[in-house]
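> With the sequence up front, the predicted model follows.
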Amino acid sequence: MLNFLTSWKWFILFALVPLVAALPLPDFWIVQLNYIGLYALTCLGLVLLTGVSGLTSFGQAAFVGMGAYTTAWITLNLGLSPWIALFIGLALTGVASLLVGLLTLRMSGHFLPLATICWGLALYYLMGNLEALGKYDGLLGLKSLSIGDFDLGQGRAFFVLTWLILLTAVVGVTHLLDSRAGRAIRSLKTATQMAEAMGINTFRYKVTVFVLAAWLACIAGWLMAHFQRTVNPSAFGLKMGIEYLFMTVVGGVGAVWGALIGSGLVKLLDDQLQTLLPKLMGTSGSYEVIVFGIAMVLILKYLPDGLWSLVARFLPKSQRKEDWAEAAALPERSKPKTGELVLDVHDIRKQFGGLMAVNGIGFQIKAGQIVGLIGPNGAGKSTTFNLITGVLGLTAGQVQFRGETISGKSSREIARRGMARTFQHVKMVADMTVLENVAMGAYSRTHRGVLAGMLRTNRQEEKQLFREAQRQLERIGMGPLMHELAGNLAMGPQRMMEIARALCADPALLLLDEPAAGLRHKEKQALADVLRQLKKEGVSLLLVEHDMDLVMAVCDHLVVMEFGTLLTQGTPAEIQQNPAVRAAYLGTEH
Ligand code: ADP
Ligand code: MG
């Protein structure tokens, strides 16, 4: 419990719930708050799914329906306790969302929202057509929830239950997002390629998030069924699916509290407008739908991060208060001894349609060496880099890493074997701090998952992670910037951050793709210093670089490419003297 309620703010929030229930509020308002709590629970799932992970779903209402119908059918027909029905509902929803997730989450762009619309429609018609579920009339006569002989009813007691569940979910999701698994989840929207290169199975996290969101919706549905004491399909159709998304976006789809603000505002406005507008217009009708439509467009245009972003501006930025200086070091992997063969690239080829982008490239890297891969633009350096790191598949040839064949393996598997990389175009989670971004590098050296993140039983490991991240940042002189948001950094520091992140993986081989691109002169010098220092520390390095001065200054061995082929290789001095290389770079005849 103390682990879970990490701060006095949570205690106060939980204490507020019975306090509000004890206030002499009119019953009408308690009922309103009950609805808001129920909606917010579903919206919280959407924050996780759509706002944080970038997976848009119109199908959440269907999962609410699963929770509601399961408990309705089971309590009415089998006479079981609603509390047992809750777990059966969660099991059913878990299986259904897992299947739907596995089928649809590999789809990209607009296919996923479309698929969730289909899912929402299908379940709606299923509910509406099954005899056992009462067709479109639904099921009537449910009992309200009770604990022992105590009836929770529809009023204050129900309010306390709903809001305690909601706040528990809020705390759980907040904790989750601030954990090893949560940082992986936060990378899903904009940085899956980077996450995979850190050894993160992004598809598994997408499915996990999908199931979590469905479970929250299912719990809301279970509560709602016993609150309304009847279920019928109209509450779980596509229209409600859209409304849940609407509430979440209005409140702020990227923030946990957005779910509460959005559902609160929409529910209250909905009621007010439903009585006010027909009076104003002089005729009856669902005018509130039109008002909401216009409001939605305005909010999307002028306040894309929702109403919560207005509030968030006035909140103090929370800094990590934990102290991890005393945390144990993360275990290190066994490294090859100096001079041992680390990487053996043998006659690799890559064909893009008619173009042989890489044609018979071969070279070796020994432990402790810095090897530079150079060549004019379009020579095939990045393609070679991507072939080695598993981002692209080989057309022919073989790559061996520490004696093991890694050709054909995914970038994730290769990363787990101890190869860490940076990107030619910086890839990061912009709204995470530098420290958090760098900690992602050590993902595959740590283990705590979603549940540990939610329950906050991961503190030991988190401290170890941050200690390592801080150590790597300080190693390359980035310590002072560790609490900055990564997206606020200039290009130079961003590239350095990527190097720190790669170092966090405790790599046996580090690969840098054009680390000097876009850097100013001073930054290039700082980079060269860092690379020389890493060399002194015995790091093995493949440096793909366009900048000749940098490469000449730090590399032990150079591989020169031109038009996809190997022009020559040798020591920097040999390469500098080579007329063919000069010709390739200066464009003169050779
Ligand atoms: P470098 O990094 O040395 O500048 P690249 O490896 O990026 O060169 O590109 C080598 C060649 O392969 C270029 O002609 C480029 O246009 C082509 N190429 C790279 N990636 C692809 C791709 N995904 N599809 C088709 N052609 C590509
Ligand atoms: Mg390139």
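In hand now; what should we look at? Residues are numbered from 1 along each chain as shown. Ligands and ions are numbered 1, 2, ... in the order given.

> Let me see the confidence value for the closest residue to residue 442 other than its chain neighbours.
Nearest residue to residue 442, sequence neighbours excluded (Cβ to Cβ, 6 or more residues apart in numbering): residue 504, at 4.4 Å. (C-beta placed from N, C-alpha, C; glycine too.) At residue 504, the model reports a pLDDT of 96.

> for the stretch 301-450 of the chain, which spans come out with low pLDDT?
The model of the stretch 301-450 of the chain has no residue with pLDDT under 70.

> And the chain, by the same measure?
Applying pLDDT under 70 to the chain flags residues 1-3, 586-590.

> any chance you could map the strands in it?
Secondary structure of the chain (DSSP state E): strands located at 139-140, 146-147, 150-151, 230-231, 341-352, 355-366, 370-374, 396-401, 404-405, 419-421, 509-513, 541-544, 557-562, 565-570.

> mind putting those in CSV, distance to residue 298 and mean neighbour count included?
As requested, the strands of the chain are arranged in CSV below (distance: least, Cβ to Cβ, whole Å; neighbours: other Cβ atoms under 10 Å):
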stretch, distance to residue 298, mean neighbour count
strand 139-140, 39, 17
strand 146-147, 44, 12
strand 150-151, 44, 11
strand 230-231, 34, 22
strand 341-352, 45, 18
strand 355-366, 48, 19
strand 370-374, 52, 26
strand 396-401, 54, 18
strand 404-405, 57, 11
strand 419-421, 43, 27
strand 509-513, 43, 24
strand 541-544, 47, 24
strand 557-562, 53, 24
strand 565-570, 58, 17
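
> Could you export the ones you listed as TSV, including distance to ligand 1?
Converted to TSV, these look like this (distance: least, Cβ to the nearest ligand atom, whole Å):
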stretch	distance to ligand 1
strand 139-140	55
strand 146-147	61
strand 150-151	65
strand 230-231	51
strand 341-352	3
strand 355-366	3
strand 370-374	9
strand 396-401	15
strand 404-405	23
strand 419-421	14
strand 509-513	8
strand 541-544	7
strand 557-562	7
strand 565-570	11
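
> May I see the ones you listed arranged in JSON lines, with distance to residue 246 as well?
Formatted as JSON lines, the strands of the chain follow (distance: least, Cβ to Cβ, whole Å):
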{"stretch": "strand 139-140", "distance to residue 246": "27"}
{"stretch": "strand 146-147", "distance to residue 246": "34"}
{"stretch": "strand 150-151", "distance to residue 246": "34"}
{"stretch": "strand 230-231", "distance to residue 246": "22"}
{"stretch": "strand 341-352", "distance to residue 246": "43"}
{"stretch": "strand 355-366", "distance to residue 246": "46"}
{"stretch": "strand 370-374", "distance to residue 246": "51"}
{"stretch": "strand 396-401", "distance to residue 246": "50"}
{"stretch": "strand 404-405", "distance to residue 246": "51"}
{"stretch": "strand 419-421", "distance to residue 246": "41"}
{"stretch": "strand 509-513", "distance to residue 246": "42"}
{"stretch": "strand 541-544", "distance to residue 246": "47"}
{"stretch": "strand 557-562", "distance to residue 246": "53"}
{"stretch": "strand 565-570", "distance to residue 246": "57"}
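
> Residue 545 reaches residue 515, doesn't it?
Yes: using Cβ atoms under 8 Å, residue 545 is in contact with residue 515, at 7.0 Å.

> Comparing these two, which shows the higher neighbour count?
More neighbours surround residue 515 than the other of residue 545 and residue 515, with 27 against 24 (other Cβ atoms under 10 Å).
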